[in-house]
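[1] Kindly generate the corresponding structure for this input.
(one chain, ligands or ions: 1)
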Amino acid sequence: MASVRMPSPRLQESKKTTRPERPKVKPRLPNSPQPVKSLPLNSRSTGSSPSASGRKKVEPGTGRKIAALKKKDTGEGEGNAKGKEESPYSSKVSTREERLSEEAMDVRDAGIKKDSQERYPEVVNDAERNKDSPYNSKTTSRRETPAAEEEGRTFYSVAYNKASPISSSRSELNWGDTTTYVAKKKLQAWCQLSNGNWELGTIISSSQSESILSLSNGGVLKVNNDSLLAPNPEILNGVDDLMQLSYLNEPSVLFNLQFRYSHDLIYTKAGPVLVAINPFKEVHLYGNQYIEAYKNKSINGPHVYAIADTAIHEMIRDEVNQSIIISGESGAGKTETAKIAMQYLASLGGGSGMEYEILQTNPILEAFGNARTLRNDNSSRFGKLIEIHFSATGKICGASIQTFSNSMQSRVVQCEIGERSYHIFYQLCAGAPESLREKLNLRIANEYKYLKRSNCYTIAGVDDAERFHLVVDAMQAVHISKNDQESVFSMLAAILWLGNISFTVIDNENHVEVATDEGAQTVAKLIGCTLSELKSALSTRKMKVGNDNIIQKLTLSQAIVTRDALAKSLYASLFEWIVEQINKSLGIGKRHTGRSISILDIYGFESFNKNSFEQFCINYANERLQQYFNSHLFKLEQEEYIQDGIDWAKVDFEDNQDCLNLFEKKPLGLLSLLDEESTFPNGTDLTFADKLKQHLSSSPCFKRERDKAFTVHHYAGEVIYDTTGFLEKNRDLLHMDSIQLLASCTCRLPQMFASRMLSQSVNAAANPYKSSGVDSQRLSVASKFKSQLFQLMIRLGNARPHFIRCIKPNNSQLPENYEQGLVLQQLRCCGVLEVVRISKSGYPTRISHQKFARRYGFLLLDNVASRDPLSVSVAILQQFNIVPEMYQVGFTKLFFRSGQVGLLEDTRNRTLHGILRVQSCFRGHRARLYVKEYRKGIVALQSCKFFSFELHWSVSSCRKL
Ligand SMILES: Nc1ncnc2c1ncn2[C@@H]1O[C@H](COP(=O)(O)OP(=O)(O)OP(=O)(O)O)[C@@H](O)[C@H]1O
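    Residues are numbered from 1 along each chain as shown. Just a heads-up that it's a prediction; the model follows:
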């Protein structure tokens, strides 16, 4: 943890010159008793208050508008809506006397409901129905909900009480010294269960150190008081920005997201970050109606559209490039989110036809770069940055795509049981027309050994043949000619047939010869070489020893490695070539302004039971992105503080430079040592692991493990890497004989691939990590990845970022299933909790002086009617003895440390609660007096009537007589 205490020359300068004088806050007089209109401050009632502590104002009506759009989309009827609005309060049956005594309470509840519905209509209505919500605990009575913000309401005076200062140690709720109160009021708190999940429990008894809580399943739990965390007021359930939470602890963040997710509100802001939870089902949040609504600003709740909208407007207004950085683990929804953002940009910047081409790149890239994995049926095995360029008038005029991959090609020859190779292979086998099938000698997928190994050929609900036609159409749209398309399909078929090539052992030393079968013959035909050239390239190796050229026969295992390396290399080159063709087609038009919006869809941090080279590269990339993310967030915070003239030097932020040094340092960093070991002919995964332990043990982010493993302390947690396969994957060698084979082919694509490989190996000669011998060592995979990453960081550095963090709620890819532990782990990994932490360590709650004065001014003893909001605010801070470290007074706003406003809010609520009690007592008393008088009057009247009746009776009886 690096505590950043930078001198702020800009701040100091502004202090001298432009800065208006900051209000002087009188030092607190610790021992002077302060009469304050409140109940004890250290305690809070059952977590419910209409807090306005949030930094951002909730847009009134946003949810209602979303709900209205949803209804329009789904055709939901009016009756339903009415049903939803039914209040549990309206059905309450009570006697007149009860109603009289509860009048004050009813007014209060109505206030809350009105306030809630105005602020979060969709959430409040649903909340009432959602009995399973952890917030809707049965033990929490609505009657305990404190009063709402209702400025116009008149209150009577309240009992005075001595104020307890809000101490710095109480930034989170501390139960220690409020035990009796806590137990008596049935307060709630977050407690962690043995399975790691958090639950909201009701405190039934509490001592100095421990509390006993009752849980929703009827069980009880004894926990240490220190482990209890404060819940947020109920009114904050489902807020659309986590920063609005008074208590920014993990369970509160988790449950707020869950609350929204359960209402199909999959997007939530975490300050500057958009959190998107994968619904794994169709949610009615997209389409033209929504695009129009976001465009017209008639709704502005958190959404990918809102992010894209901000990006496009800021690009035009400030003439600054923008980037939308989407990350998350596999299956979290990054690719879908990227498509949604592209859809919005295409809709806003469309008109030239280019937007259609850009959208058509998706089916191509998905076909060639996505595959079914155990975690995602449509998993992208590469990262991509799509940069969309705009003309001066804000119209799309071009785009370019950059891809990032670390050994994506290995999937071509091997993938796990139940997974698939790249979609395009299955699409080609299923959808190629007859003429193409004949030309390529195509078979069905399960006749190819490369596809057969994982024993998975189809994906539920996906028609590969149909997809093939979509890919062909998309290729057409991005101007890949019919000839080129055919060449691409020939390469794909050649790769498949390569896998079917078999070898015959010809001597005792296990040397082999390529069998002259259908496999070899078809490959030779498809790439345009002779059968003998192919056979020699796959079964022999030419070597130069001194001045002599020697031909060495390969053993079976060497031949298989050579064949597979050729297949992988062909696929990697083919993918690169396709991206290049797309880029040519999307080439930037003449009306280019130099302004762009880049969408980055990149794999998130990964930590599995077994972590290999792929996770090593991915996590390294994420460390870089995290540093960028942190420095950006920190910068944003800093800007706001400076703008308001407050001292921002007290904000800490997590610096991951040590971890980056561990990866990047030369010559003794993980990447350098990996490249060095990869070039040693005798280097093995074990010698690599030993070298790491020998040289890097002093790094704070490195830990030795047994055998071939080592641990890295990443920003998102510790990951144990197993070095098995590291060297081979990093070398990604292609035998020079194979390159020469491709160079000698008559077909255009293999020729082109070969010349590129040769030029890369020439360039690599200038690289200190070049390989020796005749093998073509292009740049090592890790080095190539690192240089791609540096290019990416340069591009991002020139743009203003917008972050979207995708979260996978469960591993089964099922809707309505929210696994707390899984979500929490991702929130940590993707930096959402870091945002929250940075905010917590700074001053996350910001309230304008006007709003603060209006909300809390009535608590002051003095008459403040004539005073300006700033001095009212300062007076409130003084009266409540809020410790100066807990807040800063800005020019326009007050900045509070986390939890401070929650405490102030409690005071306000208790005060209002007291007022209501006094009101109800008074009204009860008045009502009783009234009833008494009334009864007296009736009795008097009745006695009169009785008298007159008696008189009447005696007169008429007399008459009868
Ligand atoms: N907004 C959404 N609405 C509906 N379904 C979604 C949404 N986002 C994602 N999904 C579902 O989740 C699946 C996985 O999403 P996606 O492929 O975008 O994940 P990813 O994060 O890109 O994964 P990977 O890193 O493996 O490529 C999609 O195929 C889709 O079924």
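
[2] Any chance of the backbone angles for residue 267?
    phi -110, psi 140 (degrees, to the nearest 10).

[3] Does the residue in the stretch 401-550 of the chain that the ligand sits nearest to belong to a helix, a strand or coil?
    Using CB to the nearest ligand atom, residue 461 is the residue of the stretch 401-550 of the chain that sits closest to the ligand, at 9.5 Å. All C-beta spots, glycine's among them, are computed from the backbone N, C-alpha and C. Here residue 461 is recorded as coil under DSSP: H, G, I helix; E, B strand; the rest coil.

[4] just residue 222 next, same as before
    Assignment for residue 222 (three-state DSSP): strand.

[5] circling back: could you measure from the residue of the stretch 401-550 of the chain closest to the ligand over to residue 467?
    11 Å (CB to CB, to the nearest Å).

[6] Just want to know which of the two has more residues nearby.
    residue 467 (20 against 6; other CB atoms under 10 Å).

[7] Tell me the helices and strands packed up against the helix or strand harbouring that one.
    According to DSSP states H and E, residue 467 maps onto helix 464-477. Here helix 464-477 touches helix 354-369, helix 423-431, helix 482-499, going by 3 or more CB pairs under 8 Å, 6 or more residues apart in numbering; DSSP states H and E.

[8] Out of the ones you listed, the one nearest residue 696 is which?
    helix 354-369 (33.5 Å; CB to CB).

[9] Would you indicate which residues of the closest one are buried?
    354-355, 357-369 (16 or more other CB atoms under 10 Å).

[10] For the closest residue to the ligand within the stretch 501-650 of the chain, list each beta-bridge partner.
    Going by CB to the nearest ligand atom, the ligand is nearest to residue 603 of the stretch 501-650 of the chain, at 5.4 Å. With beta bridges defined as DSSP bridges, residue 603 has these partners: residue 328.

[11] helix/strand/coil for the most centrally placed residue in the chain?
    Taking CA atoms, centre = their mean as the criterion, residue 805 is the residue nearest the geometric centre of the chain, at 2.2 Å. Of the three states, residue 805 takes strand according to three-state DSSP.

[12] what about the closest residue to it other than its chain neighbours, how many neighbours?
    Among residues not flanking residue 805 along the chain, residue 830 sits closest, at 4.2 Å (CB to CB, 6 or more residues apart in numbering). Close neighbours of residue 830, defined as other CB under 10 Å, add up to 29.

[13] any idea how far residue 830 is from residue 455?
    On the measure of CB to CB, residue 830 and residue 455 end up 33 Å apart.

[14] The stretch 751-900 of the chain: strands as residue ranges?
    Assigned by DSSP state E, counting those that start in this stretch, the strands in the stretch 751-900 of the chain fall at 799-807, 845-848, 887-889, 893-896.

[15] so which of those comes closest to the ligand?
    strand 799-807 (5.5 Å).

[16] Next up, the contacts around the nearest residue to residue 463 once chain neighbours are set aside.
    Nearest non-adjacent residue to residue 463, counting by CB to CB, 6+ apart: residue 430, 8.0 Å away. Residue 430 makes contact with 444-445, 463-465, 468 under the criterion CB atoms under 8 Å, 6 or more residues apart in numbering.

[17] Likewise for residue 559?
    Contacts of residue 559 by CB under 8 Å, 6+ apart are 503, 512, 514, 538-539.

[18] Neighbour-wise, give me the winner out of these.
    Result: residue 538 is most packed of the contacts of residue 559 (other CB under 10 Å), 26 neighbours.

[19] helices or strands next to the helix ranked longest in the chain in the packing?
    When the chain is parsed with DSSP state H, its longest helix is helix 900-960. Counting contacts by 3+ CB pairs under 8 Å, 6+ apart, helix 900-960 is packed against helix 96-101, helix 103-119, strand 845-848, helix 849-856.

[20] Buried ones in the helix holding residue 467, by neighbour count?
    Quick answer for helix 464-477 (16+ other CB under 10 Å): 464, 467-468, 470-472, 474-475, 477.

[21] now those residues as JSON lines including pLDDT?
    Formatted as JSON lines, the buried residues of helix 464-477 follow (pLDDT from 0 to 100):
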{"residue": "464", "pLDDT": "97"}
{"residue": "467", "pLDDT": "97"}
{"residue": "468", "pLDDT": "98"}
{"residue": "470", "pLDDT": "97"}
{"residue": "471", "pLDDT": "98"}
{"residue": "472", "pLDDT": "97"}
{"residue": "474", "pLDDT": "97"}
{"residue": "475", "pLDDT": "97"}
{"residue": "477", "pLDDT": "95"}
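
[22] related to what we said a few turns ago, can you name the residues that contact the residue of the stretch 501-650 of the chain closest to the ligand?
    With CB under 8 Å, 6+ apart, residue 603 has these contacts: 327, 329-330, 334, 380, 383, 618, 621-622.

[23] Helices - which of those land there?
    Reading helices off the contacts of residue 603 with DSSP H, I get 334, 618, 621-622.

[24] Give me the distance between residue 855 and residue 248.
    Taking CB to CB, one finds residue 855 at 20 Å from residue 248.

[25] Who has more neighbours out of the two?
    residue 248 (26 against 22).

[26] is it true that the more buried one touches residue 836?
    Yes: in this structure residue 248 lies within contact range of residue 836 using CB atoms under 8 Å: 4.9 Å.

[27] any residues in contact with both of these two?
    residue 242.

[28] now the closest residue to residue 695 other than its chain neighbours: how far from the ligand?
    Spatial nearest neighbour of residue 695, excluding adjacent residues (CB to CB, 6+ apart): residue 668 at 4.7 Å. Separation of residue 668 from the ligand (CB to the nearest ligand atom, to the nearest Å): 32 Å.

[29] Could you report the pLDDT at residue 668?
    Per-residue pLDDT puts residue 668 at 93.

[30] can you check the one 4 residues further on too?
    The model reports residue 672 with a pLDDT of 95.

[31] just residue 644 next, same as before
    86.

[32] got it, and residue 864?
    At residue 864, pLDDT is 67.

[33] Nearest spatial neighbour of the closest residue to the ligand within the stretch 151-300 of the chain, chain-adjacent residues omitted?
    Residue nearest to the ligand within the stretch 151-300 of the chain: residue 278 (4.5 Å; CB to the nearest ligand atom). Nearest residue to residue 278 in three dimensions, chain neighbours excluded: residue 333, at 3.9 Å (CB to CB, 6+ apart).

[34] Can you read off the pLDDT for that neighbour?
    In this model, residue 333 carries a pLDDT of 95.

[35] what's the answer for residue 305, then?
    Taking residue 305 on its own, its pLDDT is 97.

[36] Show the contacting residues for it.
    Listed by CB under 8 Å, 6+ apart, the contact partners of residue 305 are 290-291, 294, 340-341, 344.

[37] Apart from its neighbours in sequence, what residue is nearest residue 464?
    Excluding the flanking residues, the one nearest residue 464 by CB to CB, 6+ apart is residue 430, at 4.0 Å.

[38] And for residue 363?
    In space, residue 363 is closest to residue 474, 4.4 Å off (CB to CB, 6+ apart).

[39] residue contacts, that neighbour?
    360-364.

[40] same deal with residue 617?
    Counted by CB under 8 Å, 6+ apart, residue 617 has contacts 406, 781-782, 785.

[41] Closest to residue 568 out of those?
    Nearest to residue 568 among the contacts of residue 617, with distances taken as CB to CB, is residue 781, at 11.3 Å.

[42] burial measure for that closest one, as a count.
    Residue 781: 24 neighbours (other CB under 10 Å).
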